[in-house]
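Student: Provided below are the primary sequence and the corresponding predicted coordinates.
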Amino acid sequence: MVSIFQLGQEKPTIADRLEIAYNDCETIARNASSSFFRSFRHLPIHKRRAVNSLYAFCRRVDDIVDGDWLPDQCLSHLDEQAESRSIQLSIDKQSEPVNDDVNHIKKLRSLMWFRMNLDNIENGVPVDEPIFIALSDVVKKFPVDLDNLRELISGMEDDLYDSDYQNFEDLRRYCYRVASTVGLCLVEIYGYNDPNARRHAVEMGIYLQMVNVLRDIQEDLSRNRVYMPAEELAKFGITETDLKSGKLSSSKGWQEFMRHYLDHVMMHRKNAVGLLSLLDKDSRYSPSLMCAAYDAILEEAMKRNGDVFTRRLSMSFYRKLQFALGIIKKPRLNF
């Protein structure tokens, strides 16, 4: 992330700063996810820019936790606060960090810096980085509650510690923090008249994140992250060790667990799709396309009879082509 003031000797105008900031967010969104970015292009430009900015914020928070990106700024002045935060989180979670001390503090202080910029935006204090400049403009135009983004950061902090998800309620709580919070921001940009849209947005976040858990299971296991609820796995004779072995694909216990898991996913999907008709008409197509992409991934998991280990779940070439053309096909979700 490059400071606006580093772009040239002549100080840009406010309009220039904002244009550069929005363009920077668009670049982050395009590079991070072609599927999401393609769905955003169906929004009116003022909503598309806002959604790109929100996505860029969320993407960078996720990148910090995964170790794929850190701010360029020197944040060593936040080390003491980060260490205090680390102690408190370890006590609250009764768990140890998954990273070494140096990297753990770097990630925590970066997340703290993001929180501080949210505070600055909320309090009208000038911000100097593209994502925050764009986001500051977004909250002036749309009723986005920044507390949802603070909750997102707190949810992402969970991934800095050994995970301990015992049941579906634990998993749903995590999904709410890292995905439903984003959905609650998005609906304020999309626009709606029926307040039930917010309830459906929460369900949409949980649905998409539970599909993400399946899609990313191999990568997450390599990072020592286990999102599958331990008590639910145990009902089918599966341990965490079994999960990490990667040899469960054809086992009867795993296939039965997957049916159990997918029943929960489908329940949230049923509640999630009610969102689409409640949104402003000019905003419905984009989230419909996004939902269709996740439906296609879910359909692939069902076609494979629950095998999420042999290779990463993804849309088929035919589905990718449909998605690129903006074609929404009714999924065949039977397992």
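Tutor: Received the coordinates, thanks.

Student: Please name the residues that touch R215.
Tutor: R215 makes contact with I297, V308, R312, L313, S314, according to C-beta atoms under 8 Å, 6 or more residues apart in numbering. The C-beta positions use only the backbone N, C-alpha and C, and glycine is treated the same way.

Student: Quick check: of those residues, which lies closest to W69?
Tutor: Closest approach between these and W69, by C-beta to C-beta: R312, at 21.4 Å.

Student: Phi first, then psi, for that closest one.
Tutor: Note on R312: backbone dihedrals following degrees, to the nearest 10 are phi -60, psi 140.

Student: That one and N212, how far apart?
Tutor: Distance, R312 to N212, using C-beta to C-beta, to the nearest Å: 12 Å.

Student: repeat for A201
Tutor: Distance of A201 to N212, given as C-beta to C-beta: 16 Å.

Student: Lowest average confidence across helices and strands of this protein, where is it?
Tutor: helix 317-324 (a mean of 64; mean pLDDT, DSSP states H and E).

Student: Quick check: can you list the domain ranges of this structure?
Tutor: Domains of the chain are assigned by automatic domain parsing as 12-145, 163-335.

Student: would you turn those into CSV with distance to G155?
Tutor: CSV is the format used below for the domains of the chain (distance: least, C-beta to C-beta, whole Å):
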stretch, distance to G155
domain 12-145, 9
domain 163-335, 3
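
Student: Among the ones you listed, which comes closest to M156?
Tutor: It's domain 12-145; of the domains of the chain, that one is closest to M156 (C-beta to C-beta) at 4.8 Å.

Student: The closest one spans what distance, first to last residue?
Tutor: For domain 12-145, the first and last residues are 29 Å from each other (C-alpha to C-alpha, to the nearest Å).

Student: which residues touch the most centrally placed residue in the chain?
Tutor: By C-alpha atoms, centre = their mean, the mean C-alpha position of the chain lies nearest to A179, the distance being 5.0 Å. Taking C-beta under 8 Å, 6+ apart as the contact definition, A179 lies against G205, I206, L208, Q209, N212.

Student: try 6 Å this time
Tutor: Taking C-beta atoms under 6 Å, 6 or more residues apart in numbering as the criterion, A179 is in contact with G205, L208, Q209.

Student: can you confirm the first one is in a helix?
Tutor: Yes: G205 forms part of a helix when assessed by DSSP: H, G, I helix; E, B strand; the rest coil.

Student: Could you measure from it over to R304?
Tutor: In this view, G205 and R304 are 25 Å apart by C-beta to C-beta.

Student: more neighbours, these two?
Tutor: The neighbour comparison of G205 against R304 (other C-beta atoms under 10 Å) goes to G205, with 23 against 16.

Student: which ones are touching the spatially closest residue to the more buried one that is not a sequence neighbour?
Tutor: Closest residue to G205 apart from its sequence neighbours, by C-beta to C-beta, 6 or more residues apart in numbering: S180 at 3.2 Å. Applying C-beta under 6 Å, 6+ apart, we find S180 in contact with V202, G205, I206.
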